[in-house]
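# can't give you the sequence, but here's the structure:
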């Protein structure tokens, strides 16, 4: 049976402040620079959600794209769109909201929410030049 990878893109806008409570103010400024602005700064993010699976013989689909869109929007996008990631998003409390940390937290939310297919990869574009990719791997 054929294994197919299906990707859907999602967009959201959020603000955040790159700041670690494990570091002093001076070190935070040295590491994060202007991204450590106390009032935060914003991004227009793009998230690619890729599902791996075998197409159903009757429908030809791994997952209905309408269902995938609904799940990702309800479970994730609605929680982060037009929010301050440090202040407004419970699952990001105490976590530095870098693209790397965001994509790992997003995986935790989506991995059990998808009824068909298998979550294969998340790719988060913070900017056109900054991308974090995660496939659920742990060391």
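Nice, thanks for sending it over. Because the structure is a prediction, the values reported are computed rather than measured. Numbering: from 1, shown residues only.
# quick one: the helices in the chain?
25-32, 65-72, 78-80, 99-110 (DSSP state H).
# Would you indicate which residues of the second one are buried?
Within helix 65-72, the residues scored as buried using 16 or more other CB atoms under 10 Å are 68, 71, 72. C-beta coordinates here come from the backbone N, C-alpha and C atoms, glycine included.
# again with the shortest one
Using 16+ other CB under 10 Å as the burial criterion, the residues of helix 78-80 that qualify are 79, 80.
# Identify the residues contacting that helix?
Here helix 78-80 makes contact (CB atoms under 8 Å, 6 or more residues apart in numbering) with 12, 14, 89, 91, 109.
# let's see 10 Å
12-14, 16, 45, 47, 72-73, 85, 88-92, 97, 102, 105-106, 109 (CB atoms under 10 Å, 6 or more residues apart in numbering).
# list the contacts for residue 101?
18, 85, 92, 95, 132.
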